[in-house]
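Student: Got a sequence here, can you build the structure:
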Amino acid sequence: MHETESGTHVMLPSEGRDTATGTPDVLAGARKALAEPGLVVLTGGPGAGRTRLLTQLGEAFSGPVFAGGGLATLRDVPAFALTRAVRVRLPAQDAPLLAEAVRARVRGGLLVLDDLQWADPLTLAALPLIAAHTRVVVALRTPHRLPGATLAALRHAAAAWLPVPPLTSAEASALVSGVAPGLAPDAVAAVVRQAGGSPLACQALARHAQQTGAVDEAVDLRYAIAGALADLTRPARTAMAALGLLGRPAPARLLGSGAAELADNGLIVSLPSSIPAGDPVESITGTLSVVSATAPPTRADLGMVAAVSPYVAEVAAGMLDADARTGLHRRLARLVPPRESVRHLAAAGDTGEAYRLAVSASRTTSRAGERAELLLLACRLPGTLPDPGVRVAAARAALAAGQPAAAASVLAPLEHTVASDPAVIEAMVLRAEALLQAGDLDGARHSAAAVPAGLAPELLAARDRVLLLTDLADDPALAVGTAASVIARHGETPAHTGLRAALAAVAAARRAYGWENALATATAAAGDAGDALTARWSAWVLVETLAADGRLPEAAHLAQVAAQACQADLAYSWQTRFVAAGLWASALRGHAVAGVPAQASARVEPAIPAFGAGLPSPGNAQPPRGVATVQSAPAVVEPVLADLVVHRAGDLMDRSLPALARAYAAAAAGLVEADAGLLGAARARLDAAPRTPVAGWVAAEIAWLDGQPDRAATWDPDTDRIPLLSGLHRITARWAARDGAPIDVTGLESAAGGPTAIHQTLSAFAASPSAAPSAFAASAAAWSSVVLREQVRCLIAQGLHEDESDLAVRALLNAEDLAERAGLVVLRGRAQRALRQHSVRRDIRGPRAGDDLTAREQQVMRLVAAGDPTRRIAGQLGVSAETVETHIRSAMRKLGARTRTEAAVRVREALMS
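Tutor: Below is the predicted model:
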């Protein structure tokens, strides 16, 4: 393979003659080679788009085109492929005579042959002779069964041997969306992953997904792929089937001798190897080889390889009969790590051995996620009766990995057993914890209350933790009394790390003095004790409480640290929660802390003990075991691009997520998109998100930004338990009331808790006309280190309330500048609209004469083409709705369009051309 400057790979013939075009564009390379007589060969797997490229080359050729090709059922008919092309009877006795007859017919035209792998031997022998005097382009599917000597002759004669590259992710996504416009983004991504860059697979799977909602079967495509795989040798088919059963990349040596044939046919691609040099690797055929430390990968040693199309690998696995599939599963079970070996044994029907291996492997792994996967699989194997102790261990591992529903499910069979067995009693307490983590408060309370009396101190503390936290979730005031009873029974600092963290959570809920230290030290103590569930849960409470109080940089930083610790332990569910919460804190603030610097501002309090064995410090810093401190606010804040937040949140939402993580990610992306003017996309994100207080406020804010203040008036009552959101909801309601929404502002003058800026802003709304400007100016200053967009809104409010024009313009210009630099398009438009009242205009002036659209008219029509209504366009451009309608009517008149949609389409076509 030769890599061009743009990164596209071009296959060089094995004979050394430079027959590649050197261009990344296959069509351009083929056209260049066909400028004079010669043979161009396009190769690719099934569904790679070879026929489409042949059609495009024929359509672009200026002379006559003679198109033909082979047929699988008539591959033994002499000269059939050429006869189909020239449409006359040809001599079928001698290759030179056949070549002369075809040359005389085609002359200066173009001979196009498809499916050369099914061409008859006489056609294959005549092609090099024809190409000596005629332009010929052919398509050859890989794999194929052409004899080695025939293939060598074609390569020697070829002026260009061009593998058809797979589609890029962007090209495949565009193709899938065009074939099935109704598919959701995650479904499009799933189709693209399965198709592996094959245009045919993209089209077939997209149609099937649109019809059935599943990306699994496409019968016609499977037949086409199966037919191609049948041309492989048995070792190559077995190797491809092994990749399909594994579902991941694998060492080529593990796949055996068939890997080289798969590579020759472009069905697998080499990856950077992760196998340590010198390690022996056994293959599925039973041979043993050693990875070289210095030698580069050769044809016999391709390193790590992956199927170009996962779908093709799955089809290869589906072609195996039952006995062959079972045998291959058993063979793979001996060659892969235990967590995969268990699944292969279970698939082979050996559930007993799978159960024993899963239990034994769970004792040796150090990662909670892997332990949970093994034990949960052991408990779910058909025909097995797991020991109660195994069920308890599986539930503990599942809780540590963030899978409370799985933990509760695996313990459910023990619910009706005799409660005299200590393992059963422990299971009852643990199930109550699982139900609590899953959000089933009534079930958790009932399960904890059913635990018999006379428990061991450890189980009694675990039960009291569940009862305390259920009270805290229902009524924080009631939890204070329950906490007093717990302290009387277990002491102020219980030995049980979970109960200690629960008491810290109660202190955090009422914002008792030192609550940050209590939660952070509980996190560190749980980490030191190996209690991963408590460490992560208390860290989560700490992050949420800091964010609720408006301490967004600290929340974002601690979320990042916790996510890194969870990632190392394969605790995916916890990790995604922390990542989403960090994105939300960054999106709301308008800045994010990319990394907390070593030194902070001189006056910072309090310091938060944040790290212990459960939550290690990021980077190379190694804090002492137990507790280290991190300052609560960084001295230097690095701005993070808003589109980076949207990209990360969107990438997160394309995966399977806990509901809370999905809500935070949707709120983060939705807020950034709404502020940037993408109000339709933001609303669509929020509509698909779970209903939480965070998503509720963002939805209300989007409605206000979108010029619909009447939809911004209501919010979830649970929001009042989150001080920052409660205050922001009240501020949004005050803005909506100012914009004409029928909202009773009684009771919106103050909020409980939260940053000082909230109280200052609400007081400014309630202030007298003479005092309001200075009050909003003070509020803007208070918001500058908390939430940037609220600072902009307060500056706009100051400008709207100022009596003196100079002072109003100064505040509005500051708001416009901040909004411009932060990408707050809608708020910038509101500032510009207010500036127009003081004769400060931001209009984009264009030519007034003639039939050409002005720059402003083009800008308006682009937004119309994007589907934005008049009110939304007016908000983004900072003009009135009447002005927008004037621009639309003017554009329609100049373009000769009868409707605004027709005008928008014409503008878009003109801009694209």
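Student: Does residue 111 lie in a helix or a strand, and which?
Tutor: Using DSSP states H and E, residue 111 falls within strand 110-114.
Student: Do me a favour and average the pLDDT over that strand.
Tutor: Strand 110-114 carries an average pLDDT of 93.
Student: ditto for stretch 316-332
Tutor: 89.
Student: That one: which residues count as buried?
Tutor: Neighbour-count burial for stretch 316-332 flags 316-317, 319-320, 325-326, 328-332 (criterion: 16 or more other C-beta atoms under 10 Å). No exception for glycine: its C-beta is placed from N, CA and C like everyone else's.
Student: Tell me the gap between it and the middle of its chain.
Tutor: 32 Å (C-alpha atoms, centre = their mean, to the nearest Å).
Student: how about it as PDB, C-alpha atoms only?
Tutor: Extracted as PDB, the C-alpha positions of stretch 316-332 are listed here (Å, rounded to 0.1, in the frame of the first residue of the first chain):
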ATOM      1  CA  ALA A 316     -19.300 -15.000   7.900                       C
ATOM      2  CA  ALA A 317     -20.100 -16.200  11.500                       C
ATOM      3  CA  GLY A 318     -23.700 -16.800  10.400                       C
ATOM      4  CA  MET A 319     -22.600 -19.000   7.600                       C
ATOM      5  CA  LEU A 320     -21.200 -21.600  10.000                       C
ATOM      6  CA  ASP A 321     -23.300 -24.600  10.800                       C
ATOM      7  CA  ALA A 322     -24.300 -25.400  14.400                       C
ATOM      8  CA  ASP A 323     -21.400 -27.800  15.000                       C
ATOM      9  CA  ALA A 324     -18.800 -25.600  13.500                       C
ATOM     10  CA  ARG A 325     -20.000 -22.600  15.400                       C
ATOM     11  CA  THR A 326     -19.900 -24.500  18.700                       C
ATOM     12  CA  GLY A 327     -16.400 -25.700  17.900                       C
ATOM     13  CA  LEU A 328     -15.200 -22.300  17.100                       C
ATOM     14  CA  HIS A 329     -16.700 -20.900  20.300                       C
ATOM     15  CA  ARG A 330     -14.900 -23.500  22.300                       C
ATOM     16  CA  ARG A 331     -11.600 -22.900  20.500                       C
ATOM     17  CA  LEU A 332     -11.900 -19.100  21.100                       C
END
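Student: what's next to that stretch, contact-wise?
Tutor: 222, 226, 229, 237-238, 240-246, 284, 340-341, 344-345, 347-350 (C-beta atoms under 8 Å, 6 or more residues apart in numbering).
Student: Only the buried subset of the residues you listed, as a ChimeraX command please.
Tutor: Buried residues among the contacts of stretch 316-332 (16+ other C-beta under 10 Å), as a ChimeraX selection:
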select :222,229,237,238,240,241,242,243,244,245,246,284,340,341,344,345,347,348,350
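Student: taking the contacts of stretch 316-332 one by one, which sit in helices?
Tutor: If you go by DSSP state H, the contacts of stretch 316-332 have 222, 226, 229, 237-238, 240-246, 340-341, 344-345, 347 in helices.
Student: ok, back up a step: ok, the strand holding residue 111: who's next to it in the sheet?
Tutor: If you go by DSSP bridges, strand 110-114 pairs up with strand 65-69 (parallel), strand 135-141 (parallel).
Student: Many thanks, have a good one.
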